[in-house]
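Asks: What would the 3D arrangement of this be:
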Amino acid sequence: MKALVAYMSKTGNTKKVAEAVYEALNCEKEIMPIDQVVDIICPMAYPSHYTWSERYIADPYHTVYITSKAGKDRLKHAEIVTYIQAFKMKIGPSKLSFEKYIEEQIRATHDAGVRGYLLWNARQEYTASFNVAKNFYRDPSRRITKTDPAGKKDGNIQ
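Replies: Coordinates of the predicted model:
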């Protein structure tokens, strides 16, 4: 048996755990950063899941942008394709329509310069999401903005 221990660590803690697992394995083994093992990494940037932050839950553009951009900036080899929220859970704090909520997330992936996005809806209800995506690509003026809704320029969004 041959084992591969892959990790991704911002602070170094996950790397330490991966190294401990690697040392404990009693077989042929390798250890390396995950972005040297895979071509695509897909972070789930669902604003509804950031319950600890009022801004992240209320601002789908901001949440998807910083998640996508931070992931992209940390990688050397793999590319980011961000999962975006195509379901209505906890969209109320954004005060956006469902369609605008999805559009803002799509715009954020473009502004972050990642490879693309994946829509996710556990109920497999994609009609509204697909219509938003279709309309987004029909109108070039709706695409890359390089500015978040609060007016901060690309690279300075916190």
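
Asks: residue contacts, the nearest residue to residue 112 once chain neighbours are set aside?
Replies: If the residues on either side of it in the chain are set aside, residue 112 comes closest to residue 68, at 3.7 Å by Cβ to Cβ, 6 or more residues apart in numbering. To be clear about C-beta, it is placed using only N, CA and C from the backbone, and glycine gets the same treatment. Residues counted as contacts of residue 68 (Cβ atoms under 8 Å, 6 or more residues apart in numbering) are 43, 45, 80, 82, 108-109, 112, 114.

Asks: any idea how far residue 7 is from residue 68?
Replies: 21 Å (Cβ to Cβ, to the nearest Å).

Asks: what domains does the record give for the protein?
Replies: The record's domain split for the chain, according to automatic domain parsing, is 1-34, 38-158.

Asks: mind listing what's buried in stretch 85-95?
Replies: 85-87, 90-91, 94 (16 or more other Cβ atoms under 10 Å).

Asks: Next: stretch 62-73.
Replies: Judged by neighbour count (16+ other Cβ under 10 Å), stretch 62-73 contains these buried residues: 62-69, 71-72.
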